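1. no FASTA, just this:
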């Protein structure tokens with residue numbers, strides 16, 4: 001199973017992609033802001049496990065991006 005997360009500044013493009021996915025019988029799930037934050041936090045934790053330093057500033061910037 002593969003996943004793809006898309007982000008765009010306009011809903012119009014996302015609606016077009018969603019229509020295409022439905023036509024191709026690809027399951028679509030929208031995620032909440034909380035789920036987005038959890039995903040980004042998890043991504044940063046994994047980066048930390050690689051011993052790369054993630055500053056508080058970077059963490060807050062990513063979270064505020066939502």
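-> Arrived safely, thanks for sending. A quick note: this is a predicted structure, and the numbers were derived from the prediction, not measured. Numbering: from 1, shown residues only.
2. What values do phi and psi take at residue 6?
-> phi -110, psi 140 (degrees, to the nearest 10).
3. helices and strands around the longest helix anywhere in the chain, which ones?
-> The residue-count maximum for a helix in the chain (DSSP state H) belongs to helix 33-49. When contacts are defined as 3 or more C-beta pairs under 8 Å, 6 or more residues apart in numbering; DSSP states H and E, helix 33-49 packs onto helix 56-64. For glycine as for every other residue, the C-beta is placed from the backbone atoms N, C-alpha and C.
4. Tell me which residues of the longest helix of the chain come out buried.
-> By neighbour count with 16 or more other C-beta atoms under 10 Å, helix 33-49 contains the buried residues residue 44.
5. give me the low-pLDDT residue ranges for the protein?
-> By pLDDT under 70, the low-scoring segments of the chain are 47-53, 66.
6. do that again at 90, thanks
-> Low-confidence segments of the chain, defined by pLDDT under 90, are located at 1-11, 13-14, 28-66.
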